[in-house]
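1. just the structure for this:
(2 chains)
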Amino acid sequence: MKNSVIVRELEEKDINLAAELLIRLKKLNGEFDSIFNVSDEVEDDAKKHLRNVISGDGDHVAFVAEKGAKLIGILTMILLRRQYYLPEREARIVDFYIMPEARRSGAGKMLIDRTYKYLRSEKIKLITAEFPSLNPIALSFYKRLGYREIVGIYGKIIDDEQA
Amino acid sequence: MDDNSRTEGFNRDALRYSEYYKGKVQVIPKVPVRHLQDFSIWYTPGIAAVSKKIAENAELSFDLTGRWNSIAIITDGSRVLGLGNIGPEAAMPVMEGKSLIFNFLGAVNAMPLPIRTKTRDEFITVARALEPSFGGFNLEDIESPKCFAVLEALQKVLSIPAWHDDQLGTACITLAGIINSLRVVGKKIEDARIVLLGSGAANIATAHLLFTAGFKEGNIILADSKGILEPEREDMDSLMLNNPWKYQLAMRTNSDRLKGPSELAFRGADAVISASKPGPDTIKSDWIRSMNPDSIVFALANPVPEIWPEVARKAGAKIVATGRGDFPNQVNNSLVFPGVFRGVLDARAKGVNFEIMVAASYEIANFVKDPSEDKIVPNMEEWELYPTVASAVAAKTVDMNLARKINSKEGFFKNAKEMIETNRKLYMKLMDEKLIKELPGGMEIEK
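-> Next up is the predicted model:
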């Protein structure tokens, strides 16, 4: 059907539109915390990252949600191997963005479901998600899905050395 | 006299007379004091009996005190006129002026109350604390988007009406003007394509009022300095966090998902309601030319409309309205708020909503018996307007189960008219008797 949402793996033809979604996400992160203010290279960085995902070594996976000819959502994750702990394999969601109009339409859940299906097929048991601590929307979203806080990363900008 | 010298004259007089009168409103008694023993009735010991009654039932404060006819004009001074955030003390002259209009046109006792608050939560806390003393709140000159949050919260928690005149008053008179404009050009509400240029407090409220009045959400397009509002616009996430009211409208309006600069929204539109930056070149003639035939242009910026009426007409506009009294069709809040508050107070209303506002707008529109290109709204000197609006508002309040006091529309009208007339008589008497001092030197007003 023309206007139904489909979720599929990211492809080369998606790079430009997918990069737009990533840029929106990065700018949204900056709205919550100035430590995430985007750089001038954000567009190049986004495209480079997406190309790596597509042609990379299998450590990155990305799915997109599409409606008609438009990309309305993206989820990218990185596959990690943990030292010391079990389960050893971890999939970490690093980018997750849904276009405003498609929010609360089920597209986000479809992306998550597709991700879980992939992880089950790869026998990866642990999934994590990273997002700015000051983003209450992401926090409440993941909490609703049963995620809990498992690690904290604290940061500060170091002042220039005092004379 | 040109516009600039007239404005300078008003500025000079306002300063001079403010210094002379030292305030524009005062509390005067309304009960007889025959001799000092009467204070035993109006004050202690007798008054304790009244307090005891109210302590048993707080609702009696509407019957046994002046609460039923008292409102507070509350501001934090964060967006006063075009002056910006000038603080509560500096807001007082404006609030006093508003209080005078409330009293003169609507016989409402309106207490000017600028408050020193910074955050929306502080404002809400203070306003809530004031509720027991008043029958309604008129919020005034609060910066956007704080004004939306404050109004929304207060409307939820209070059991008296909360009104933000910059939003609701403007929206109400705008709708009245649009209703009559569409009547004049023979277009239907359900077909009309409307552009709202400027997405501040007034136009955001206007959009909601248009929805309630039956305009199709998809036929309405909002635009601001960044262009047409639509869900894919780059700043949507920022709006979602910082101005969710505007964000929600981006989702609901503009069903064609038009995007780009504001002028594109004019193409094929039937009406534009502009509450944008002062003109005269904010709206270009070409934009008007791209609208549908018999276009309607409300250029409401003050002091200079976004496009001069003559220029808009030359470009094809059939009806032009502005915020100014020196052109036909002045879209002026003062046609709304005195009657609305007279109405909600007479019904001892527990709240006010968009349905009540639509009723007020229709009453104002219908008040103009034979609308024409140059007469789509009443003017301020049509005295019957205020009790007429009051009666429509009060009756609708009853219909919506928001009234503490029930009456027929005719009953409300009679009561409101009598109150407003008596109040004017009192005022005129005070002036005739020179108990209100004459303007020193006499101020000349061009009629």
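
2. contact residues of chain A facing chain B?
-> A:R24, A:K27, A:L28, A:E31, A:F32, A:M99, A:P100, A:E101 (Cβ under 8 Å from any Cβ of the partner chain). C-beta here means a position set from N, CA and C on the backbone, and glycine is covered the same way.

3. low-scoring stretches of chain B, by residue?
-> The model of chain B has pLDDT under 70 over residues B:1-3, B:442-447.

4. show me what from it comes close to chain A.
-> Those residues of chain B that sit near chain A, judged by Cβ under 8 Å from any Cβ, are B:P231, B:E232, B:E234, B:M236, B:D237, B:S238, B:M240, B:L241, B:N242, B:Y247, B:A250, B:M251.

5. out of the residues you listed, which end up buried?
-> By neighbour count, with 16 or more other Cβ atoms under 10 Å in any protein chain shown, the residues of chain B next to chain A hold B:P231, B:M236, B:D237, B:M240, B:Y247, B:A250, B:M251 as buried.

6. please verify my assumption that the second one contacts A:P100.
-> The reference is to B:M236. Yes: under the criterion of Cβ atoms under 8 Å, B:M236 makes contact with A:P100 at 4.6 Å.

7. who touches both of the two?
-> Here B:M236 and A:P100 have B:Y247, B:A250 as joint contacts, going by Cβ atoms under 8 Å, 6 or more residues apart in numbering or on different chains.

8. excluding chain neighbours, what is closest to the closest residue to chain A within the stretch 1-150 of chain B?
-> Of the stretch 1-150 of chain B, the residue with the smallest distance to chain A, taken as Cβ to the nearest Cβ, is B:P145 at 14.6 Å. In space, and not counting its chain neighbours, B:P145 is closest to B:N243: 4.4 Å by Cβ to Cβ, 6 or more residues apart in numbering or on different chains.

9. check contacts around that neighbour.
-> B:N243 touches B:S144, B:P145, B:F148, counting by Cβ under 8 Å, 6+ apart.

10. distance of it from B:F148?
-> 8 Å (Cβ to Cβ, to the nearest Å).

11. on that earlier part again, which of the buried ones among the residues of chain B next to chain A fall in helices?
-> Taking DSSP state H as the definition of helices, those contribute B:M236, B:D237, B:M240, B:Y247, B:A250, B:M251.

12. any idea how far the helix or strand harbouring B:I71 is from the chain center?
-> Assessed by DSSP states H and E, B:I71 sits inside strand B:70-75. Taking Cα atoms, centre = their mean, to the nearest Å, the mean C-alpha location of strand B:70-75 is offset from the chain mean by 13 Å.

13. now stretch B:256-263
-> Centroid separation for stretch B:256-263 versus its chain: 29 Å, with Cα atoms, centre = their mean.

14. buried residues in it?
-> By 16+ other Cβ under 10 Å, the buried positions in stretch B:256-263 come out as B:L258, B:S262, B:E263.

15. turn the residues you listed into CSV, including secondary structure.
-> CSV is the format used below for the buried residues of stretch B:256-263 (DSSP: H, G, I helix; E, B strand; the rest coil):
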residue, secondary structure
B:L258, coil
B:S262, coil
B:E263, helix
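
16. the longest strand seen in chain A pairs with which strands, and in what direction?
-> The single longest strand within chain A, with elements called by DSSP state E, is strand A:70-81. Sheet pairing of strand A:70-81 (DSSP bridges) gives strand A:60-67 (antiparallel), strand A:89-98 (antiparallel).

17. and that strand, average pLDDT?
-> Mean per-residue pLDDT for strand A:70-81: 96.

18. cool, and stretch A:38-53?
-> For stretch A:38-53, mean pLDDT is 95.

19. pull the residues that contact it.
-> Applying Cβ under 8 Å, 6+ apart, the contact partners of stretch A:38-53 are A:10, A:14-16, A:18-19, A:22-23, A:26-27, A:30, A:60-62, A:76.

20. which of those residues fall in strands?
-> Reading strands off those with DSSP E, I get A:H60, A:V61, A:A62, A:T76.

21. number of residues surrounding the closest residue to chain A within the stretch 301-447 of chain B?
-> Residue nearest to chain A within the stretch 301-447 of chain B (Cβ to the nearest Cβ): B:F354, separated by 23.8 Å. Around B:F354 sit 19 other residues, with neighbours defined as other Cβ atoms under 10 Å in any protein chain shown.

22. of the ones in helices among the buried ones among the residues of chain B next to chain A, which is the nearest to B:D326?
-> B:A250 (35.9 Å; Cβ to Cβ).

23. for B:A223, name its beta-bridge partners.
-> Counting by DSSP bridges, B:A223 forms beta bridges with B:L197, B:I228.

24. surely it and B:S199 touch.
-> Yes: B:A223 is in contact with B:S199 according to Cβ under 8 Å; the separation is 7.1 Å.

25. more neighbours: which of the two?
-> Set side by side, B:A223 and B:S199 show more neighbours around B:A223, with 27 against 24, by other Cβ under 10 Å.

26. quick revisit: nearest to chain A among the buried residues of stretch B:256-263?
-> Nearest member of the buried residues of stretch B:256-263 to chain A, counting by Cβ to the nearest Cβ, is B:L258, at 14.1 Å.

27. for the nearest residue to the closest one once chain neighbours are set aside, the count of nearby residues, please.
-> Of all residues not flanking B:L258 in the chain, B:I228 sits nearest, at 5.4 Å (Cβ to Cβ, 6+ apart). By other Cβ under 10 Å, 22 other residues sit near B:I228.

28. separation between B:I228 and B:G198?
-> From B:I228 to B:G198 the distance is 12 Å (Cβ to Cβ).

29. and for B:E19?
-> B:E19 is 36 Å from B:G198, by Cβ to Cβ.

30. same check on A:D14?
-> Counting by Cβ to Cβ, the gap between A:D14 and B:G198 amounts to 37 Å.

31. okay, those two: which has more neighbours?
-> Per other Cβ under 10 Å, whichever of A:D14 and B:G198 has more neighbours is B:G198, with 23 against 19.

32. so who does that one touch?
-> B:A223, B:D224, B:S274, B:A275, B:S276, B:K277, B:A301.

33. can you check which helix is longest in chain B?
-> Looking across chain B with DSSP H, the single longest helix is helix B:409-432.

34. tell me where the stretch 51-200 of chain B has strands.
-> B:70-75, B:109-114, B:136-139, B:162-164, B:194-197 (DSSP state E, counting those that start in this stretch).

35. now the stretch 201-350 of chain B against chain A: closest residue?
-> Closest point on the stretch 201-350 of chain B to chain A, by Cβ to the nearest Cβ, is B:P231, at 3.8 Å.

36. which residues sit in contact with residue 97?
-> Looking at chain A here, since you left the chain open. Residues near A:Y97 by Cβ under 8 Å, 6+ apart: A:L21, A:L22, A:R24, A:L25, A:L28, A:G73, A:I74.

37. the intended chain is chain B.
-> By Cβ under 8 Å, 6+ apart, B:G97 lies in contact with B:K24.

38. buried subset of the residues of chain A next to chain B?
-> Among the residues of chain A next to chain B, those classed as buried by neighbour count (16+ other Cβ under 10 Å) are A:R24, A:K27, A:L28, A:E31, A:F32, A:M99, A:P100, A:E101.

39. among the residues you listed, which are in helices?
-> Judged by DSSP H, those include A:R24, A:K27, A:L28, A:E31, A:F32 as members of helices.

40. let's have those residues in a markdown table, adding pLDDT.
-> Converted to a markdown table, these look like this (pLDDT from 0 to 100):
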| residue | pLDDT |
| --- | --- |
| A:R24 | 97 |
| A:K27 | 96 |
| A:L28 | 96 |
| A:E31 | 93 |
| A:F32 | 94 |
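
41. alright, calling it a day.
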